[in-house]
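**Student:** Sequence and predicted structure below; questions after.
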Amino acid sequence: MATTTTPPVATAGTAAERESAAPPERPGFNIGRAFAWLFMVLVVLVSLFPFYWMLRTALSSNNALYAGSDSLLPVQFDWGGFKRVIGLQSGQEALDWAAPASR
Amino acid sequence: MATTAPARRAGPTPTPRRARDDTRLALLFILPALIGFLIFMVWPTLRGIYLSFTSFNLLTPPEFNGLDNYVRMAQDPVFWNSLKVTVYYVVLNIGFQTVLALVIAVMMQRLTKRTWLRGIVLTPYLVSNVVAAMIFLWILDYQLGIGNALLEAIGADRVAFLSSDAWVIPAIAFINVWRHVGYTALLIFAGLQTIPETMYEAARVDGAGEVRLFRSITVPLLRPIMALVLIITVVGSFQVFDTVAVTTRGGPVDSSRVLQYYIYDVAFGRFQFGYASAMSVALLLVLVIVTFVQYRLTRAESSDLA
């Protein structure tokens, strides 16, 4: 908050003294507003990133996740998880998909 | 109207029309909710208080043992530790959450009023606590978490967020801040809407800057809403359970064993329902005191508006 508002305070003080007609309402570019927007963008990113991560992990192959843990895209793209959720996967397929090493 | 008016003037009310008494009808409407309240709130509370004076393990009937449970509680270092951990969690969680939510709410009010922004900020609240805990358990993992991969990418050291005793409570607090900050911000935002725009205009005419507007108008006029929000969030925060149950189960050692989880563990892990009830009563008392103090300190019942 502090960063967003220091410039307007300064201009408001001088504006009041000069009784200038231009109100400090909508400045073209204002460093305070820029910081405020940056903050909001950050909030939105932090809010949404876990959702993306949920999706990315859901679309990955279970066994590949450990090797590709820092990949930003789905590792070995696979619908297996969703198939299992809606019941399109047999029990054996689900087991193989979850732990192919045990085959 | 025209016919009744002269009649009234004529004398001392010939047919006394009593004001309709709605009490019985009102009671009828309240009844369903009241039954639920009595069965699911009042009765368990009373029974819990009763059980706290007994020794009870589900298999044999409760046995009255006076204040034994409370004596044991006073001497139980794990209980005191869990109380300490809980308070630490509440301070971190409420501190960060309230400040962030206030800033976000003010931004939603003064910077931009776009609805999609409000929607996005609220999305984490739509995820259940358990799912949120699962996602962050994965993201914050020491070896495999993308959070730690990012830390390493910017040159910082990996942090064992959920498996070191120094970081575990801040990490759990962060997870719950992530989930609840949007909801809290929306509550505060609703409170901001009640402040008349004319006040801001008047102050701006007097040459007040954004900081001054916030300090001299927003904060004092928002006080009753903030008080309400704080009371709700603090009570909710003291009752933290699912995040801990999913991510750490109280570990490492006892460093995230919050009171609610300890109660659960004693009751459903060790079947000592009497002692668990005693601790629940203690938690209830703590919450009553905290809420009462907050209520008085913030003068939550009065508004400076109007």
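**Tutor:** Here it is on my side, so go on.
**Student:** following the helix or strand of chain A with the lowest mean pLDDT, which helix or strand shows up next?
**Tutor:** Every helix and strand of chain A was ranked by mean pLDDT, DSSP states H and E. The lowest is helix A:2-18, at a mean of 42. Remark: after helix A:2-18, the chain's next helix or strand is helix A:31-58, criterion DSSP states H and E.
**Student:** So is that next one next to chain B?
**Tutor:** Yes. With CB under 8 Å from any CB of the partner chain as the measure, helix A:31-58 is seen reaching chain B through A:32-33, A:36-37, A:39-40, A:43-44, A:46-48, A:50-51, A:53-54, A:57. From N, CA and C alone the C-beta is placed, and that goes for glycine too.
**Student:** ok, for residue B:54, nearest residue in space, not its chain neighbours?
**Tutor:** Spatial nearest neighbour of residue B:54, excluding adjacent residues (CB to CB, 6 or more residues apart in numbering or on different chains): residue B:62 at 3.8 Å.
**Student:** Go ahead and confirm the one you found touches residue B:274.
**Tutor:** Yes. Under the criterion of CB atoms under 8 Å, residue B:62 makes contact with residue B:274 at 7.0 Å.
**Student:** Low-confidence stretches in the stretch 1-150 of chain B?
**Tutor:** B:1-18 (pLDDT under 70).
**Student:** So residue B:20 versus residue B:29, what's the distance?
**Tutor:** For residue B:20, the distance to residue B:29 (CB to CB, to the nearest Å) stands at 15 Å.
**Student:** Same drill for the two, tell me which one is more crowded.
**Tutor:** Using other CB atoms under 10 Å in any protein chain shown as the criterion, residue B:20 and residue B:29 rank with residue B:29 on top: 10 against 7.
**Student:** so the more buried one sits in a helix?
**Tutor:** Yes. Membership of residue B:29 in a helix is supported by DSSP: H, G, I helix; E, B strand; the rest coil.
**Student:** near chain A, which residues of chain B show up?
**Tutor:** So chain B meets chain A at B:100, B:103-104, B:106-107, B:111-112, B:117, B:120-121, B:123-124, B:127, B:131-132, B:135-136, B:138-139, B:141, B:143-146, B:149, B:178, B:182, B:204, B:206-212, B:214 (CB under 8 Å from any CB).
**Student:** burial count for residue B:74?
**Tutor:** 11.
**Student:** With chain A as the reference, measure out to it.
**Tutor:** Separation of residue B:74 from chain A (CB to the nearest CB, to the nearest Å): 41 Å.
**Student:** what do you get for residue B:63?
**Tutor:** Distance from residue B:63 to chain A, counting by CB to the nearest CB: 47 Å.
**Student:** List the residues that contact the closest residue to that residue other than its chain neighbours.
**Tutor:** Closest residue to residue B:63 apart from its sequence neighbours, by CB to CB, 6+ apart: residue B:55 at 4.8 Å. Going by CB atoms under 8 Å, 6 or more residues apart in numbering or on different chains, residue B:55 touches B:62, B:63, B:65, B:68, B:69, B:272, B:274.
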